[in-house]
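> Give me a model of this one.
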Amino acid sequence: MDYEIVMKLISYTARWEMIFELLAMERTKPFLEEMGVSLPNTVAVRTIAREFLKQLEQGGRDAEGDVTLVKETFRKIAEVTSEESVEALYKWGMETYPFQSADNFLWRTLFWWLVGIGSTHYPVSFPALDKEKVDVIGHAIQQNFEDIDWLEQRIQEAEKQPKSEWEQRIYESVNPGYSPMTRIEQAIYEHKTNRIWAVIKQLLNEEELQTLLAWAKEHAPNLQIKPELLKLPD
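Numbering: from 1, shown residues only. The predicted structure is shown next:
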């Protein structure tokens, strides 16, 4: 098999291994909807996720076999939820998780600054757009991130909970000093930022989007961001 194809298959399986690790943990459940995941029957899904991890750990398959195992896991989840739930999970897993978008990270910094989240000052000038549209964007940012301190507190509290046997195994499988809860926090941030972009894209035309981008590049150095790194999402 072609080397590049093998690497893509391995990367695909690794992505879903991380996702199923989260679905296998009890402490993930309270955060699922905030991550953008809507799954009924989470207890049954948790059992299926654990079965996947156990089989993956046992090995004995090639890269194609591991991908087949992922597909079989989707089929099992569909049986205890629905085809629609699995399709939504797959879309989320491939588009939002597990890798935090560098573009969204930079824009999130600007979004927070625009409305004064986590900052003691505001920009000296706002995007040269209709004020009502700027207000709508600002409201979307506030609506998604005004509870950020509470979110971090909840994640810290979840981190302190006693670990089940499965959770202990998962925690021991990651790099020392790194917590799976970090993945949850990043996924929530990513989902919230995508929701803000959904509002912006519905609100602004192409010319206005370019105006927003120009504003962001002008003010990026104030936040130690290189202007050339900023671009509009696809």
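
> how does the protein divide into domains?
3-95, 102-229 (automatic domain parsing).

> residue contacts, Trp16?
By Cβ atoms under 8 Å, 6 or more residues apart in numbering, the contact set of Trp16 is Phe52, Val70, Thr73, Gly93. The C-beta positions use only the backbone N, C-alpha and C, and glycine is treated the same way.

> What helix or strand is the last one located in?
I take that to be Gly93. Per DSSP states H and E: Gly93 is located in helix 83-95.

> pull the longest helix from this protein.
Taking DSSP state H as the criterion, the chain has its longest helix at helix 180-203.

> what's the next secondary structure element after that one?
Helix 180-203 is succeeded, C-terminally, by helix 206-219 (DSSP H and E).

> Dump the C-alpha coordinates for that next one into CSV.
C-alpha atoms of helix 206-219 as CSV (Å, rounded to 0.1, in the frame of the first residue of the first chain):
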residue,chain,number,x,y,z
GLU,A,206,-17.9,39.7,1.1
GLU,A,207,-16.9,43.4,1.1
GLU,A,208,-17.8,43.7,4.8
LEU,A,209,-15.9,40.6,5.6
GLN,A,210,-12.8,42.1,4.0
THR,A,211,-13.4,45.2,6.2
LEU,A,212,-13.5,43.1,9.3
LEU,A,213,-10.2,41.4,8.2
ALA,A,214,-8.6,44.7,7.5
TRP,A,215,-9.5,45.9,11.0
ALA,A,216,-8.2,42.7,12.6
LYS,A,217,-4.8,43.0,10.7
GLU,A,218,-4.6,46.7,11.8
HIS,A,219,-5.0,45.9,15.4
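
> quick one: the helices in the protein?
3-23, 32-35, 42-58, 63-80, 83-95, 102-115, 131-145, 148-159, 165-173, 180-203, 206-219.

> re the thing from before, buried residues in the longest helix of the chain?
The neighbour-count check on helix 180-203 (16 or more other Cβ atoms under 10 Å) flags 180-181, 183-194, 196-197, 199-200, 203 as buried.

> Repeat that for stretch 97-116.
Within stretch 97-116, the residues that count as buried by 16+ other Cβ under 10 Å are 97-98, 100-101, 103-104, 106-115.

> again with stretch 22-34
For stretch 22-34, by 16+ other Cβ under 10 Å, it's Leu22, Leu23, Ala24, Met25, Glu26, Arg27, Thr28, Lys29, Phe31, Leu32, Glu34.

> And it, end to end?
Using Cα to Cα, to the nearest Å, the end-to-end distance of stretch 22-34 comes to 14 Å.

> Just give the nearest non-adjacent residue to the residue positioned nearest the centre of the chain, would you?
Residue closest to the average C-alpha location in the chain (Cα atoms, centre = their mean): Ala187, at 2.4 Å. Of all residues not flanking Ala187 in the chain, Met35 sits nearest, at 4.3 Å (Cβ to Cβ, 6 or more residues apart in numbering).

> Who are the contact partners of that neighbour?
Trp92, Thr96, Tyr97, Ile184, Ala187, Ile188, His191.

> measure it to Gln161 for me?
Going from Met35 to Gln161 by Cβ to Cβ, to the nearest Å gives 18 Å.
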